[in-house]
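> Mind looking at a prediction? Sequence and model below.
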Amino acid sequence: MCRPKSPEGSNPEEDARVQDRQAAFLRKNNFRRIGRTRFFGYSPNPEHPSRLLPAEADADRSENEFVPTKPAPADRDDFMRTYPLHFAIINLPKQNVASVIEAYHTQDPSTVHKQDHNGFTPLYVAAAYANASALKALLKFGAASDLNKHVNKDGMIPLERIEDTMRSTRELAELLMHKWEGYSRNELKVQLILKREMGISVHGQTDEEYLENRKWGCTCGECDEGWLSPRMRFRLETEAALSKENMTVLAPQFQRGQPLPEIPGLAHQFDYLPPNLRTKVYKTFYNGYVTIFENLYVLLDQTEGVPSVPRLRTLCKGDRDVNFYLKKGGKFEYALESMVEGAKSQSCLGDSMFEEIWESENDTDDEYRKLPRCANDLEFDFVKRMIGVPPKGPVLPPEMLSSAVDSERGPTSLTLKMLVNMMSGVYEDEDSEDEEEEENYSDLLNPHYEEAAAGRRQARLDARRAAAAKAPEKRQAEASSAGPDLAFQKLLSFLPQGGVRAPIN
Ligand SMILES: [Zn+2]
C-alpha cells in the first residue's frame, strides 16, 4: 500500500501534476485506489477484483472532492425547516418518520434527494443513524438513485457509512472495553436493505438468517455459533496438535524430582502460565498441561461446537495428571490462550508460517484451502474472549468515554455515543421506542446538536409537566411521546395545506 506524495514546497498545480504522474505509475504496476482514499493498494492475488479493474476505470481522486456550498443551519428551527427529512430521520420515532417523508415527497418529490450542507442525502443520514424505517420509506419514494452518491463530507456512500460505523463501534468496544456484544439488529437490517437494493448478493439468505449469521461478523455462513470460522478452527486445531507434539518431545528433559529447566524459546506454551507457576513445572504438572492440549485437539478435531472451559473440563475429567495440574494452580484458560496466541503468531499477523505451509499453491493437499473464507478468519483476540480467556489490560471506565463523547463532534461522536449506550445497557433495538431511543440517536450530522438536545429536553420537560396534571395512569405514556409528537406536528405544519397525509402506521 502506498500513496502519491509531492515534494516539499511545490505549488498546488505542480503538486497535482506530480501526484497524477505517481498515480499513473502505480496503476501501470497494477496498484488501484483503495476505495476513494488517497491510498493505492496492490493485491498479489490475480483474481482480486482490483486486478480485474482496468487502469482507466480506477477511481479518480478529484471525483471525490466535496466542496461545501450551503451554509450550516443557524439553529434547530432552521435545521427543521431547511432539512426536514434529515431532522425527522435523526429525531422522530419511526412511525412518524415515514409520514413526514411521504408528506414532503407528495409536496415535492425532489425533497427525498435534497443534500444538506455536508452533502448528505436523507438516505445517507438514514444509513448513518441505522434507521431502517426511514430507509425503507425513502426507497419507497425513489431515493434509490442516491445509493451510490459519495460526494459528501465523509466521501462515502450510505452502505460504506453504516459499515464504517459498525466497524468502528466494534473496534472501539474491543479496544476500550475488551467486550463486544455483536452487531446490533438495526445496523444489520440497514446493511441488508442497502445491499439488497444495490444488488449485492447475500447468498440466498432470508432476512432472519442474515441477521442471525452476521451478528458476530460471520460472512461465510458456516461459523460455529456464528463466530468460530472453519479456517480459524483449522488454525487452532493445528496449533493444539503442534503444542502437544512439541511438549511431548520436551518431556525427556525432566530429571526425577526436578522442575523443568529454563530453556528459553523452546516451548512458548509456558509463557501463558503465571510466573510463580513457571518455576514449578514438575513432571506430573507438565503432563497435565500436555493432556489439556491433547484434549483441545480432540475437541476441535472430533467434536462439533466451540471450545470452552466447561467442555475441556468434561473431556479431562478423571485424568490424574490434569487433576494434579489444576490442584497446583493450573487453569484451562492458560492452554486456551496459548493455543490462540500460538496460532496468531504463526499467522499472517505474525510470521506467516501457517500460510506458507497451508496456503501454498504447490501443496497438493488442499485441506485448508478448500475451507470457505470468512471475515472472522483472523479475529484471534475476539475468539480468545469468546472461548473464555479473560481479557488483559485496562478497561476504560464509562465516565471517561462519556467525557470523550462530550468533547467530540461530527461522525465519530455517534460511534462513541453508541458505545457509551452499549456500556450502560441501553443500546437500543429498533423495536424499543422508549424515551431513551430518541436521545441516543441524537447527535451525529446535526450541526446543532446542543440546541437540538436542549430543545428535546425542554419538550420532554413540558410534556412531563403536562402529564403530571393528568391522570397518573396516563402519565408515563404521554411523557414518552409528547416531545417527538410536537416536532412531528411542527414539521408537517411547514407544509402548505393539502400536502399533509394521514400518518402511515
Ligand atoms: Zn463465518
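Thanks, I have it.

> pLDDT value on the residue in the chain sticking out farthest from the centre, please?
In the chain, the residue that sits farthest from the middle, by CA atoms, centre = their mean, is residue 256; the gap is 52.5 Å. Residue 256 carries a pLDDT score of 73 in this model.

> In contact with it, which residues are there?
residue 283 (CB atoms under 8 Å, 6 or more residues apart in numbering). No exception for glycine: its C-beta is placed from N, CA and C like everyone else's.

> Distance check, it against the ion.
Residue 256 sits 49 Å away from the ion, going by CB to the ion, to the nearest Å.

> Tell me where the stretch 1-150 of the chain has helices.
Ranges of helices in the stretch 1-150 of the chain, per DSSP state H, counting those that start in this stretch, are 12-28, 49-52, 76-82, 84-91, 94-107, 122-128, 132-140.

> right, and these - which one's nearest the ion?
helix 49-52 (20.1 Å; CB to the ion).

> sorry, back to before: of all the helices of the stretch 1-150 of the chain, which gets the most neighbours per residue?
Burial of these is given as mean neighbour count (mean count of other CB atoms under 10 Å); helix 122-128 ranks first at a mean of 30.

> Are there helices or strands packed against that helix, and which ones?
Secondary-structure packing of helix 122-128 (3 or more CB pairs under 8 Å, 6 or more residues apart in numbering; DSSP states H and E): helix 84-91, helix 132-140, helix 158-172, helix 185-198.

> give me phi/psi at the residue farthest from the centre of the chain?
phi -60, psi 130 (degrees, to the nearest 10).

> quick one: it and residue 24, what's the gap?
Using CB to CB, to the nearest Å, one obtains 72 Å as the distance from residue 256 to residue 24.

> that older thread, between the helices and strands packed on helix 122-128, pick out the one with the smallest average pLDDT, please.
When I compare the helices and strands packed on helix 122-128, helix 158-172 is least confident, with a mean of 90.

> Taking their axis directions, it and helix 132-140 sit at what angle?
Between helix 158-172 and helix 132-140, the angle comes out at 160 degrees (axes from the mean of the first three to the mean of the last three CA atoms, to 10 degrees).

> can you tell me the residue of the stretch 251-400 of the chain closest to the ion?
For the stretch 251-400 of the chain, CB to the ion, closest residue to the ion: residue 374, 3.2 Å.

> ok, now how distant is that residue from residue 234?
Going from residue 374 to residue 234 by CB to CB gives 12 Å.

> Look at residue 458 and report its pLDDT.
For residue 458, the pLDDT comes out at 67.

> brain fart, residue 427
40.

> try the one 4 residues further on
pLDDT for residue 431: 42.

> Also residue 318?
pLDDT, residue 318: 93.

> Same question for residue 297.
pLDDT, residue 297: 96.

> give the contact list for it.
Contacts of residue 297 by CB under 8 Å, 6+ apart are 237, 240-241, 244.

> Beyond the strand or helix carrying it, next helix or strand please.
Per DSSP states H and E: residue 297 is located in helix 283-302. Counting by DSSP H and E, the next helix or strand C-terminal to helix 283-302 is helix 309-316.

> got a list of contacts for that following helix?
Residues outside helix 309-316 that contact it (CB under 8 Å, 6+ apart): 291-292, 295-296, 298-299, 303, 305, 322, 332-333, 335-336, 387-388.

> Show me which of those are buried.
Among the contacts of helix 309-316, those classed as buried by 16 or more other CB atoms under 10 Å are 291-292, 295-296, 298-299, 322, 332-333, 335-336, 387-388.

> Format those residues as a markdown table; extra columns: distance to the ion.
Below are these laid out as a markdown table (distance: CB to the ion, whole Å):
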| residue | distance to the ion |
| --- | --- |
| 291 | 30 |
| 292 | 27 |
| 295 | 25 |
| 296 | 21 |
| 298 | 23 |
| 299 | 19 |
| 322 | 32 |
| 332 | 25 |
| 333 | 25 |
| 335 | 24 |
| 336 | 20 |
| 387 | 16 |
| 388 | 20 |
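
> Output the below-cut-off pLDDT ranges for the stretch 151-300 of the chain.
Residue ranges of the stretch 151-300 of the chain with pLDDT under 70: 262-266.

> Up against the ion, what does it have?
Applying CB under 5 Å from the ion, we find that the stretch 151-300 of the chain lies next to the ion at 218, 220, 223, 229.

> Which of those residues fall in helices?
Among those, no member is found in helices (DSSP state H).

> Buried ones among the residues you listed?
218, 220, 223, 229.

> The second one contacts residue 229, doesn't it?
Looking back up the chat, that one is residue 220. Yes: in this structure, residue 220 is within contact of residue 229 by CB atoms under 8 Å, at 6.1 Å.

> No more questions from me, cheers.
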